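A.B. asks: dropping the sequence and predicted coords here.
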Amino acid sequence: MDKEVVEFFGKLSESFGPSGFEREAIRLIKERYAKYADDILTDGLGSLILKKKGTSDEPRVILAGHCDEVGFIICGLDEKGFLKFRALGGWAPITLPAHRVVVRTRKGDVIGTIVSKPPHLMTPQEKEKVPKLEDLFIDVGASSKEELEKLGIRIGDPVAPLSHFRVLKVGEKELWMGKAFDDRIGALIAMEVLRSLKESNIQHPNTVFAAATVQEEVGLRGAETTADVVNPQVGIVLEVDISGDVPGVKPGEAPAKMGAGPSIVTWDKSMIPNQPLKEFVIQVAEELKIPYQLSAVSGGTDASRIHLHYRGVPSIVIGIPTRHIHSHNSILSVSDVENAIKLVTEVVKRLDQETVSSFTKI
(Lines give C-alpha, C1' and ligand atoms only; values in the text may rest on other atoms or scores of the structure.)
Protein backbone atom coordinates (compact mmCIF):
# COMPACT_ATOMS: atom_id res chain seq x y z
CA MET A 1 0.00 0.00 0.00
CA ASP A 2 1.64 3.25 -1.06
CA LYS A 3 2.37 5.92 1.51
CA GLU A 4 -0.12 8.41 0.03
CA VAL A 5 -3.02 5.97 0.44
CA VAL A 6 -2.02 5.20 4.04
CA GLU A 7 -1.87 8.89 4.91
CA PHE A 8 -5.22 9.52 3.26
CA PHE A 9 -6.94 6.66 5.05
CA GLY A 10 -5.49 7.89 8.34
CA LYS A 11 -7.19 11.24 7.78
CA LEU A 12 -10.41 9.53 6.68
CA SER A 13 -10.42 7.28 9.74
CA GLU A 14 -9.88 10.19 12.11
CA SER A 15 -12.45 12.43 10.40
CA PHE A 16 -15.74 13.24 12.11
CA GLY A 17 -18.78 11.48 10.69
CA PRO A 18 -21.44 9.76 12.80
CA SER A 19 -24.59 8.69 10.98
CA GLY A 20 -26.37 11.76 9.64
CA PHE A 21 -23.25 13.92 10.04
CA GLU A 22 -20.91 12.44 7.41
CA ARG A 23 -20.09 15.56 5.41
CA GLU A 24 -16.46 15.88 6.53
CA ALA A 25 -15.66 12.29 5.52
CA ILE A 26 -17.58 12.59 2.24
CA ARG A 27 -15.70 15.74 1.29
CA LEU A 28 -12.34 14.08 1.94
CA ILE A 29 -13.27 11.26 -0.41
CA LYS A 30 -14.54 13.67 -3.06
CA GLU A 31 -11.39 15.81 -2.90
CA ARG A 32 -9.12 12.83 -3.46
CA TYR A 33 -11.07 10.65 -5.89
CA ALA A 34 -13.32 12.90 -8.00
CA LYS A 35 -10.53 13.34 -10.57
CA TYR A 36 -10.78 9.64 -11.46
CA ALA A 37 -14.49 9.87 -12.30
CA ASP A 38 -16.32 10.82 -15.48
CA ASP A 39 -19.22 12.21 -13.49
CA ILE A 40 -20.07 13.03 -9.87
CA LEU A 41 -23.51 12.14 -8.55
CA THR A 42 -25.21 12.53 -5.19
CA ASP A 43 -28.44 11.52 -3.51
CA GLY A 44 -30.61 13.67 -1.28
CA LEU A 45 -29.11 12.26 1.92
CA GLY A 46 -25.50 13.17 1.17
CA SER A 47 -24.03 10.02 -0.37
CA LEU A 48 -21.27 10.47 -2.96
CA ILE A 49 -21.30 8.46 -6.19
CA LEU A 50 -18.39 8.59 -8.64
CA LYS A 51 -19.18 7.26 -12.12
CA LYS A 52 -16.64 5.76 -14.51
CA LYS A 53 -17.79 4.62 -17.92
CA GLY A 54 -16.14 1.58 -19.47
CA THR A 55 -16.63 0.26 -22.99
CA SER A 56 -20.39 -0.06 -22.46
CA ASP A 57 -23.13 1.81 -20.62
CA GLU A 58 -24.41 -1.47 -19.20
CA PRO A 59 -24.31 -3.37 -17.00
CA ARG A 60 -24.28 -0.73 -14.25
CA VAL A 61 -22.08 -1.99 -11.42
CA ILE A 62 -22.22 -0.37 -8.00
CA LEU A 63 -19.31 -0.66 -5.56
CA ALA A 64 -20.63 0.58 -2.23
CA GLY A 65 -19.00 1.29 1.12
CA HIS A 66 -20.62 3.42 3.80
CA CYS A 67 -18.65 6.21 5.43
CA ASP A 68 -20.75 6.94 8.51
CA GLU A 69 -19.39 5.71 11.82
CA VAL A 70 -21.13 4.65 15.01
CA GLY A 71 -21.43 7.68 17.26
CA PHE A 72 -23.78 9.48 19.60
CA ILE A 73 -26.15 12.42 19.79
CA ILE A 74 -26.68 14.75 22.75
CA CYS A 75 -30.12 14.35 24.31
CA GLY A 76 -29.77 16.36 27.52
CA LEU A 77 -27.73 19.01 29.36
CA ASP A 78 -27.45 18.33 33.08
CA GLU A 79 -27.65 21.17 35.60
CA LYS A 80 -24.28 20.07 36.98
CA GLY A 81 -22.61 20.39 33.57
CA PHE A 82 -22.76 16.83 32.25
CA LEU A 83 -24.14 15.60 28.95
CA LYS A 84 -26.60 12.79 28.40
CA PHE A 85 -26.47 11.03 25.06
CA ARG A 86 -28.01 8.36 22.90
CA ALA A 87 -26.32 5.98 20.47
CA LEU A 88 -26.19 6.42 16.72
CA GLY A 89 -25.63 2.80 15.74
CA GLY A 90 -24.84 -0.29 17.73
CA TRP A 91 -22.63 0.17 20.77
CA ALA A 92 -21.81 -2.26 23.58
CA PRO A 93 -21.83 0.05 26.64
CA ILE A 94 -19.03 -1.97 28.22
CA THR A 95 -16.62 -0.53 25.62
CA LEU A 96 -17.41 3.11 26.41
CA PRO A 97 -16.34 4.28 29.91
CA ALA A 98 -13.09 6.30 30.08
CA HIS A 99 -12.93 6.81 26.31
CA ARG A 100 -12.61 10.29 24.85
CA VAL A 101 -15.12 11.77 22.42
CA VAL A 102 -15.57 14.87 20.27
CA VAL A 103 -18.77 16.91 20.58
CA ARG A 104 -19.29 18.97 17.42
CA THR A 105 -21.07 22.26 18.22
CA ARG A 106 -21.97 25.38 16.26
CA LYS A 107 -18.99 27.07 17.97
CA GLY A 108 -16.49 24.30 17.29
CA ASP A 109 -15.40 20.96 18.65
CA VAL A 110 -15.43 20.21 22.38
CA ILE A 111 -13.43 17.30 23.81
CA GLY A 112 -14.96 15.17 26.54
CA THR A 113 -14.80 11.74 28.10
CA ILE A 114 -17.49 9.15 28.73
CA VAL A 115 -17.76 8.35 32.42
CA SER A 116 -20.03 6.80 35.00
CA LYS A 117 -20.29 6.78 38.77
CA PRO A 118 -16.79 6.63 40.33
CA PRO A 119 -15.80 3.00 41.04
CA HIS A 120 -14.83 3.95 44.63
CA LEU A 121 -18.50 4.71 45.33
CA MET A 122 -19.96 1.68 43.61
CA THR A 123 -21.34 -1.19 45.60
CA PRO A 124 -19.84 -4.63 44.91
CA GLN A 125 -23.01 -5.45 42.97
CA GLU A 126 -22.70 -2.30 40.84
CA LYS A 127 -19.07 -3.11 40.01
CA GLU A 128 -20.07 -6.50 38.65
CA LYS A 129 -22.83 -5.15 36.42
CA VAL A 130 -22.34 -4.23 32.77
CA PRO A 131 -23.06 -0.47 32.51
CA LYS A 132 -26.20 0.66 30.76
CA LEU A 133 -26.05 3.48 28.23
CA GLU A 134 -28.48 5.56 30.28
CA ASP A 135 -26.12 5.36 33.28
CA LEU A 136 -23.23 6.93 31.36
CA PHE A 137 -22.61 10.61 30.66
CA ILE A 138 -20.08 12.84 28.93
CA ASP A 139 -17.85 15.13 30.97
CA VAL A 140 -16.37 18.13 29.12
CA GLY A 141 -15.12 19.82 32.28
CA ALA A 142 -18.16 22.05 32.81
CA SER A 143 -19.79 22.59 36.20
CA SER A 144 -23.16 23.94 35.13
CA LYS A 145 -25.69 23.95 32.34
CA GLU A 146 -24.79 27.58 31.68
CA GLU A 147 -21.16 26.66 31.01
CA LEU A 148 -22.29 24.00 28.55
CA GLU A 149 -24.43 26.55 26.73
CA LYS A 150 -21.50 28.99 26.56
CA LEU A 151 -19.48 26.25 24.87
CA GLY A 152 -22.21 26.13 22.24
CA ILE A 153 -23.46 22.65 23.16
CA ARG A 154 -27.10 21.95 22.34
CA ILE A 155 -29.44 19.00 22.25
CA GLY A 156 -28.99 17.33 18.86
CA ASP A 157 -25.23 17.92 18.62
CA PRO A 158 -23.38 14.87 17.25
CA VAL A 159 -20.61 13.07 19.09
CA ALA A 160 -17.86 10.87 17.63
CA PRO A 161 -15.11 8.75 19.20
CA LEU A 162 -11.72 10.44 19.53
CA SER A 163 -9.08 7.99 18.34
CA HIS A 164 -5.86 8.40 16.40
CA PHE A 165 -4.95 6.21 13.42
CA ARG A 166 -1.82 4.11 13.81
CA VAL A 167 0.21 1.78 11.60
CA LEU A 168 1.37 -1.31 13.51
CA LYS A 169 4.29 -3.49 12.44
CA VAL A 170 4.08 -7.04 13.80
CA GLY A 171 6.88 -9.11 12.30
CA GLU A 172 6.40 -8.90 8.54
CA LYS A 173 2.74 -7.93 8.91
CA GLU A 174 1.45 -4.38 8.53
CA LEU A 175 -1.73 -3.66 10.46
CA TRP A 176 -3.86 -0.56 10.88
CA MET A 177 -5.48 0.53 14.13
CA GLY A 178 -8.10 3.23 14.50
CA LYS A 179 -11.77 4.12 14.51
CA ALA A 180 -14.46 4.10 11.82
CA PHE A 181 -12.95 1.20 9.87
CA ASP A 182 -16.62 0.13 9.73
CA ASP A 183 -16.95 1.07 7.02
CA ARG A 184 -14.54 3.63 5.71
CA ILE A 185 -12.26 0.78 4.71
CA GLY A 186 -15.05 -0.36 2.35
CA ALA A 187 -15.37 3.14 0.91
CA LEU A 188 -11.59 3.23 0.42
CA ILE A 189 -11.63 -0.08 -1.46
CA ALA A 190 -14.42 1.12 -3.77
CA MET A 191 -12.52 4.31 -4.53
CA GLU A 192 -9.17 2.56 -4.99
CA VAL A 193 -10.77 0.22 -7.53
CA LEU A 194 -12.03 3.30 -9.37
CA ARG A 195 -8.53 4.81 -9.27
CA SER A 196 -6.97 1.57 -10.50
CA LEU A 197 -9.35 1.40 -13.47
CA LYS A 198 -8.52 4.99 -14.42
CA GLU A 199 -4.78 5.18 -13.78
CA SER A 200 -3.98 1.79 -15.30
CA ASN A 201 -6.38 2.36 -18.21
CA ILE A 202 -8.06 -0.96 -17.46
CA GLN A 203 -10.77 -1.94 -19.93
CA HIS A 204 -14.06 -2.89 -18.29
CA PRO A 205 -17.23 -3.81 -20.25
CA ASN A 206 -19.62 -1.91 -17.99
CA THR A 207 -20.13 1.35 -16.15
CA VAL A 208 -18.87 1.48 -12.57
CA PHE A 209 -20.35 3.58 -9.78
CA ALA A 210 -18.10 3.84 -6.70
CA ALA A 211 -20.35 4.98 -3.85
CA ALA A 212 -19.64 6.30 -0.37
CA THR A 213 -23.02 5.92 1.27
CA VAL A 214 -24.42 7.52 4.43
CA GLN A 215 -26.55 6.50 7.42
CA GLU A 216 -25.86 2.77 7.16
CA GLU A 217 -25.51 2.33 10.91
CA VAL A 218 -29.02 3.67 11.58
CA GLY A 219 -30.92 1.69 8.98
CA LEU A 220 -29.03 1.34 5.67
CA ARG A 221 -30.68 4.55 4.47
CA GLY A 222 -28.06 5.86 2.05
CA ALA A 223 -27.90 2.52 0.28
CA GLU A 224 -31.55 2.78 -0.67
CA THR A 225 -31.30 6.28 -2.08
CA THR A 226 -27.98 5.55 -3.79
CA ALA A 227 -29.52 2.54 -5.52
CA ASP A 228 -32.32 4.82 -6.74
CA VAL A 229 -29.73 7.13 -8.31
CA VAL A 230 -27.62 4.38 -9.91
CA ASN A 231 -30.31 1.78 -10.73
CA PRO A 232 -27.62 -0.93 -10.66
CA GLN A 233 -27.71 -4.31 -12.37
CA VAL A 234 -25.14 -5.86 -10.05
CA GLY A 235 -24.06 -4.82 -6.57
CA ILE A 236 -20.76 -5.35 -4.78
CA VAL A 237 -20.79 -4.09 -1.21
CA LEU A 238 -17.42 -3.61 0.49
CA GLU A 239 -17.56 -3.99 4.25
CA VAL A 240 -15.75 -5.07 7.36
CA ASP A 241 -16.28 -8.59 8.60
CA ILE A 242 -16.05 -9.74 12.20
CA SER A 243 -12.64 -11.29 12.76
CA GLY A 244 -13.21 -14.38 14.85
CA ASP A 245 -9.59 -14.82 15.95
CA VAL A 246 -10.11 -13.12 19.31
CA PRO A 247 -10.75 -14.52 22.81
CA GLY A 248 -14.33 -15.50 23.60
CA VAL A 249 -15.48 -16.26 20.05
CA LYS A 250 -16.71 -19.84 19.59
CA PRO A 251 -16.03 -21.88 16.42
CA GLY A 252 -18.69 -21.10 13.84
CA GLU A 253 -19.64 -17.71 15.29
CA ALA A 254 -17.23 -15.73 13.10
CA PRO A 255 -15.21 -17.89 10.69
CA ALA A 256 -13.14 -15.11 9.09
CA LYS A 257 -9.65 -14.44 10.41
CA MET A 258 -7.56 -11.28 10.12
CA GLY A 259 -4.77 -11.60 7.55
CA ALA A 260 -6.12 -14.69 5.74
CA GLY A 261 -7.65 -12.76 2.84
CA PRO A 262 -10.87 -10.85 2.21
CA SER A 263 -14.08 -12.69 3.05
CA ILE A 264 -16.84 -13.58 0.64
CA VAL A 265 -20.02 -13.42 2.70
CA THR A 266 -22.21 -16.44 1.97
CA TRP A 267 -25.08 -15.37 4.24
CA ASP A 268 -26.15 -12.67 6.63
CA LYS A 269 -29.45 -11.99 8.34
CA SER A 270 -30.43 -9.32 5.79
CA MET A 271 -29.32 -10.88 2.48
CA ILE A 272 -28.53 -14.18 0.85
CA PRO A 273 -26.18 -13.36 -2.03
CA ASN A 274 -26.96 -14.23 -5.61
CA GLN A 275 -25.47 -17.71 -5.91
CA PRO A 276 -24.09 -17.55 -9.49
CA LEU A 277 -22.47 -14.21 -8.60
CA LYS A 278 -20.95 -15.75 -5.47
CA GLU A 279 -19.52 -18.65 -7.45
CA PHE A 280 -18.24 -16.23 -10.09
CA VAL A 281 -16.32 -14.22 -7.47
CA ILE A 282 -14.88 -17.41 -5.96
CA GLN A 283 -13.82 -18.60 -9.41
CA VAL A 284 -12.00 -15.33 -10.11
CA ALA A 285 -10.19 -15.48 -6.77
CA GLU A 286 -9.10 -19.08 -7.32
CA GLU A 287 -8.09 -18.48 -10.93
CA LEU A 288 -5.78 -15.63 -9.91
CA LYS A 289 -4.70 -17.25 -6.62
CA ILE A 290 -6.05 -14.35 -4.56
CA PRO A 291 -6.50 -15.55 -0.96
CA TYR A 292 -10.10 -15.44 0.26
CA GLN A 293 -12.30 -16.80 3.04
CA LEU A 294 -15.93 -17.87 3.10
CA SER A 295 -17.89 -16.21 5.86
CA ALA A 296 -21.35 -16.08 7.40
CA VAL A 297 -22.27 -13.19 9.69
CA SER A 298 -25.25 -12.21 11.84
CA GLY A 299 -25.36 -8.53 10.92
CA GLY A 300 -26.61 -6.66 7.87
CA THR A 301 -25.05 -4.37 5.27
CA ASP A 302 -25.94 -1.93 2.50
CA ALA A 303 -26.46 -4.98 0.29
CA SER A 304 -29.72 -5.54 2.19
CA ARG A 305 -31.25 -2.51 0.47
CA ILE A 306 -29.36 -2.72 -2.82
CA HIS A 307 -30.38 -6.31 -3.60
CA LEU A 308 -34.06 -5.40 -3.15
CA HIS A 309 -33.93 -2.36 -5.42
CA TYR A 310 -36.68 -2.26 -8.07
CA ARG A 311 -36.95 -5.80 -9.49
CA GLY A 312 -33.94 -7.09 -7.56
CA VAL A 313 -30.18 -6.75 -8.00
CA PRO A 314 -27.70 -9.66 -7.89
CA SER A 315 -25.46 -8.63 -4.99
CA ILE A 316 -22.60 -9.85 -2.85
CA VAL A 317 -20.61 -8.61 0.13
CA ILE A 318 -16.81 -8.73 0.25
CA GLY A 319 -15.46 -8.06 3.72
CA ILE A 320 -12.24 -7.17 5.50
CA PRO A 321 -11.90 -9.27 8.68
CA THR A 322 -11.51 -6.67 11.41
CA ARG A 323 -11.01 -7.00 15.13
CA HIS A 324 -12.97 -4.86 17.61
CA ILE A 325 -15.42 -3.15 15.25
CA HIS A 326 -17.87 -0.66 16.79
CA SER A 327 -15.24 0.51 19.24
CA HIS A 328 -12.68 3.29 19.51
CA ASN A 329 -9.91 1.04 18.18
CA SER A 330 -10.32 -1.54 15.43
CA ILE A 331 -7.45 -3.54 13.90
CA LEU A 332 -7.16 -4.93 10.36
CA SER A 333 -4.49 -6.35 8.08
CA VAL A 334 -3.31 -4.29 5.12
CA SER A 335 -2.80 -7.46 3.07
CA ASP A 336 -6.54 -8.17 3.25
CA VAL A 337 -7.27 -4.68 1.93
CA GLU A 338 -4.79 -5.05 -0.93
CA ASN A 339 -6.23 -8.43 -1.90
CA ALA A 340 -9.78 -7.07 -1.77
CA ILE A 341 -8.86 -4.24 -4.16
CA LYS A 342 -7.24 -6.74 -6.51
CA LEU A 343 -10.19 -9.15 -6.36
CA VAL A 344 -12.86 -6.50 -6.95
CA THR A 345 -10.88 -4.98 -9.82
CA GLU A 346 -10.55 -8.36 -11.50
CA VAL A 347 -14.26 -9.11 -11.00
CA VAL A 348 -15.23 -5.76 -12.53
CA LYS A 349 -13.05 -6.48 -15.59
CA ARG A 350 -15.15 -9.56 -16.28
CA LEU A 351 -18.66 -8.21 -15.67
CA ASP A 352 -20.03 -7.87 -19.19
CA GLN A 353 -23.73 -7.88 -19.99
CA GLU A 354 -23.84 -11.57 -20.88
CA THR A 355 -22.16 -12.55 -17.61
CA VAL A 356 -24.44 -10.37 -15.48
CA SER A 357 -27.52 -11.65 -17.30
CA SER A 358 -26.43 -15.20 -16.51
CA PHE A 359 -26.68 -14.47 -12.78
CA THR A 360 -30.49 -14.37 -13.03
CA LYS A 361 -31.06 -16.87 -15.80
CA ILE A 362 -33.58 -19.59 -14.91
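C.D. replies: Sure thing, it's come through.
A.B. asks: mean confidence for stretch 94-105?
C.D. replies: For stretch 94-105, the mean pLDDT works out to 96.
A.B. asks: so which residues make contact with it?
C.D. replies: Applying C-beta atoms under 8 Å, 6 or more residues apart in numbering, the contact partners of stretch 94-105 are 16, 21, 72, 74, 83, 109-116, 130-131, 133, 136, 138, 140, 151-154, 157-163, 326-328. Every residue, glycine included, has its C-beta placed from N, CA and C.
A.B. asks: list of residues touching stretch 143-161?
C.D. replies: For stretch 143-161, contacts defined as C-beta under 8 Å, 6+ apart pick out 16-18, 20-21, 69, 71-81, 83, 85, 88, 99-108, 110, 112, 138, 140, 142, 179-180, 327-328.
A.B. asks: list the residues that contact Val230.
C.D. replies: Leu41, Ile49, Arg60, Ile62, Phe209, Ala211.
A.B. asks: now Ile73
C.D. replies: Counting by C-beta under 8 Å, 6+ apart, Ile73 touches Pro18, Phe85, Arg86, Leu88, Gly156, Asp157, Pro158, Val159.
A.B. asks: quick check: beta-bridge partners of the first one?
C.D. replies: Using DSSP bridges, the beta-bridge partners of Pro18 come out as Glu69.
A.B. asks: what separation do you get for it and Leu148?
C.D. replies: In this structure, Pro18 lies at 19 Å from Leu148, with C-beta to C-beta, to the nearest Å as the measure.
A.B. asks: also the last one?
C.D. replies: From Val159 across to Leu148, the span is 13 Å (C-beta to C-beta).
A.B. asks: before we move on, the earlier item: take the contacts of Val230 and write them to a markdown table, including neighbour count and distance to Ile290.
C.D. replies: Conversion of the contacts of Val230 to a markdown table gives the following (neighbours: other C-beta atoms under 10 Å; distance: C-beta to C-beta, whole Å):
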| residue | neighbour count | distance to Ile290 |
| --- | --- | --- |
| Leu41 | 15 | 30 |
| Ile49 | 21 | 27 |
| Arg60 | 19 | 25 |
| Ile62 | 30 | 21 |
| Phe209 | 26 | 23 |
| Ala211 | 34 | 23 |
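A.B. asks: all helices for the stretch 151-300 of the chain, in order.
C.D. replies: Using DSSP state H, counting those that start in this stretch, the helices of the stretch 151-300 of the chain run over 181-199, 221-230, 275-287.
A.B. asks: buried deepest among these, which one?
C.D. replies: Of all the helices of the stretch 151-300 of the chain, helix 181-199 has the most neighbours on average by mean count of other C-beta atoms under 10 Å, namely a mean of 25.
A.B. asks: name all residues that make contact with the closest residue to His164 other than its chain neighbours.
C.D. replies: The spatially closest residue to His164, leaving aside those adjacent along the chain, is Glu14, at 6.4 Å (C-beta to C-beta, 6 or more residues apart in numbering). Counting by C-beta under 8 Å, 6+ apart, Glu14 makes contact with Ser163, His164, Phe165, Gly178, Lys179, Ala180.
A.B. asks: any idea how far Lys3 is from the last one?
C.D. replies: As for Ala180, its distance to Lys3 is 21 Å (criterion: C-beta to C-beta).
A.B. asks: the first one too?
C.D. replies: According to C-beta to C-beta, Ser163 and Lys3 sit 21 Å apart.
A.B. asks: what about the two, which has more around it?
C.D. replies: Shown here are Ser163 and Lys3; by other C-beta atoms under 10 Å, Ser163 has more neighbours (20 against 7).
A.B. asks: who's in contact with Phe43?
C.D. replies: Phe isn't right for residue 43; it's Asp. Asp43 is in contact with Ile49, Gly222, Thr225, Thr226, Asp228, Val229, counting by C-beta under 8 Å, 6+ apart.
A.B. asks: tabulate the residues you listed (CSV), appending pLDDT and distance to Val246.
C.D. replies: Output for the contacts of Asp43, formatted as CSV (pLDDT from 0 to 100; distance: C-beta to C-beta, whole Å):
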residue, pLDDT, distance to Val246
Ile49, 98, 35
Gly222, 98, 29
Thr225, 98, 35
Thr226, 98, 32
Asp228, 98, 38
Val229, 98, 38
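A.B. asks: wait, which of those residues is closest to Val297?
C.D. replies: Top of the list for closeness to Val297, among the contacts of Asp43 and by C-beta to C-beta, is Gly222 at 20.1 Å.
A.B. asks: contacting residues for that closest one?
C.D. replies: Gly222 neighbours (C-beta under 8 Å, 6+ apart): Asp43, Leu45, Gly46, Ser47, His66, Asp68, Thr213, Val214, Gln215, Glu216, Asp302.
A.B. asks: excluding its backbone neighbours, what's nearest the third one?
C.D. replies: The shortest distance from Gly46 to any non-neighbouring residue, by C-beta to C-beta, 6+ apart, is to Val214 (4.8 Å).
A.B. asks: equivalent analysis for the fifth one, please.
C.D. replies: When the adjacent residues along the chain are set aside, His66 lies closest to Glu216, with 3.5 Å between them (C-beta to C-beta, 6+ apart).
A.B. asks: with that, I have no additional questions.
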